[in-house]
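K.L.:
Turn this into a model:
(chains A and B)
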Amino acid sequence: MSAKVITITSGKGGVGKTTLTANLSAALAGLGHKVTAIDADIGLRNLDVVMGLENRIVYDLVDVIEGRCRLRQAMIKDKRKPDLYLIPAAQTRDKMSVSPSDMILVCDQLREEMDYVIIDSPAGIERGFQNAIAPADQALVVTNPEISAVRDADRIIGLIESEEKGPALLIVNRLKPKMVARGDMLSVDDILEVLAVDLIGIIPEDESILISTNQGLPVTMAAVDGTMAGQAFTNVARRLSGEEVEFIDLTPKTGVMDRVREWLNGK
Amino acid sequence: MGWLSDLFGKKEASGSVAKQRLQMVLVQDRSDVTPGVMELIKDEIIEVLARHLSINPDEVIVKLTQTSRESRLVAEVPILSDRKSR
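P.N.:
Predicted structure coming up:
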């Protein structure tokens, strides 16, 4: 059994990498896989908080790399799923504390016991990204339907290719179908046309995400008939596991009241 | 009065504007060529070609295009037919 190491990256900050890492890890664990999530954003850790595990941190990734603890000691077991672990980032250090070869060593140790290792990359194209991409078998690029996010995604896709970790797979996050229908937002097709990569997920904007972060409970860990975003995240997990899953139909359904509202707004 | 402005010509939807701007910006980003450098390239191409061919500098178009993930510099240079010499 050898794990697949997947790095979640984007270039642009704030597009949803950490949220995706948390939800994807939980969804894969929910499908019965053994998963370890790693927060590679040294100095600005957030995966712990999004997963609701911030009070369980004793050791972190830098402690492992600098030999202050064994790998197992830094792996926080999430009690809500059978085989889900988190290795948090250090908060009082920075990206220079970790090197790409350190990351490869850590992931090599995890490969034997795990099915998946999901690495939450920091934003940017410097050392943090290089650390996160070094051990990857597959890169997932997260973007938003917004000009600067897609521009940065293009850059990161190019870097992934030059690191010989391509081809990347794309996730379009925070889509608002009504705005797309009105012509006020880039569509998924627009984005695929300019980036020319394969799509693995479309996640709609969903208020439940903020609520889930508030509570430290990823939406894919919540009830069975969950939210749209939760269903979309789970579908990404299923596709990664090799299942063919159709993309959720997000086209907005217009009712009579919507049409009346639009007419009133047009005046 | 949305319907009135619709009657007198719609402004282009912002999503479509975004897509066009994005395509332009990506072509420049990928080839690492700024608009300023494009102008220089165009002037120098005109200069070189004018030594060998009759061309109208005002009709020369030099642009960056992209298919999939590959960029190309394309120059369109109408060549003037030399009717006077016949």
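
K.L.:
and A:Ala153, what does it touch?
P.N.:
Applying Cβ atoms under 8 Å, 6 or more residues apart in numbering or on different chains to A:Ala153 gives the contacts A:10-12, A:141-143, A:170, A:195. To be clear about C-beta, it is placed using only N, CA and C from the backbone, and glycine gets the same treatment.

K.L.:
so of these, which ones are in helices?
P.N.:
Residues of these located in helices (DSSP state H): A:Leu195.

K.L.:
restrict the contacts of A:Ala153 to those near chain B?
P.N.:
Among the contacts of A:Ala153, no residue is within reach of chain B (Cβ under 8 Å from any Cβ of the partner chain).

K.L.:
Now tabulate the contacts of A:Ala153 in JSON lines and tack on pLDDT and distance to B:Met38.
P.N.:
Shown next, in JSON lines, are these (pLDDT from 0 to 100; distance: Cβ to Cβ, whole Å):
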{"residue": "A:Ser10", "pLDDT": "97", "distance to B:Met38": "29"}
{"residue": "A:Gly11", "pLDDT": "95", "distance to B:Met38": "25"}
{"residue": "A:Lys12", "pLDDT": "97", "distance to B:Met38": "26"}
{"residue": "A:Val141", "pLDDT": "98", "distance to B:Met38": "28"}
{"residue": "A:Val142", "pLDDT": "98", "distance to B:Met38": "32"}
{"residue": "A:Thr143", "pLDDT": "98", "distance to B:Met38": "27"}
{"residue": "A:Leu170", "pLDDT": "98", "distance to B:Met38": "29"}
{"residue": "A:Leu195", "pLDDT": "95", "distance to B:Met38": "23"}
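
K.L.:
and which of the contacts of A:Ala153 is nearest to chain B?
P.N.:
A:Leu195 (8.4 Å; Cβ to the nearest Cβ).

K.L.:
Verify the stated contact: the closest one with A:Asp154.
P.N.:
Yes: under the criterion of Cβ atoms under 8 Å, A:Leu195 makes contact with A:Asp154 at 5.9 Å.

K.L.:
Isn't A:Ile76 up against A:Arg56?
P.N.:
Yes: between A:Ile76 and A:Arg56 there is a contact at 4.8 Å, judged by Cβ under 8 Å.

K.L.:
so where do the helices sit in the chain?
P.N.:
With no chain named, the answer covers chain A. A:17-30, A:47-51, A:61-65, A:71-74, A:100-113, A:127-133, A:147-162, A:177-182, A:188-195, A:207-215, A:228-240, A:256-266.

K.L.:
Oops, wrong one, chain B.
P.N.:
Under DSSP H, chain B gives helices at B:2-7, B:14-31, B:35-50.

K.L.:
mind listing what's buried in stretch A:150-159?
P.N.:
A:150-154, A:156-159 (16 or more other Cβ atoms under 10 Å in any protein chain shown).

K.L.:
What of stretch A:130-144?
P.N.:
Result for stretch A:130-144 [16+ other Cβ under 10 Å]: buried residues A:130-136, A:138-144.

K.L.:
Repeat that for stretch A:210-220.
P.N.:
Buried, per 16+ other Cβ under 10 Å, within stretch A:210-220: A:212-213, A:216-220.
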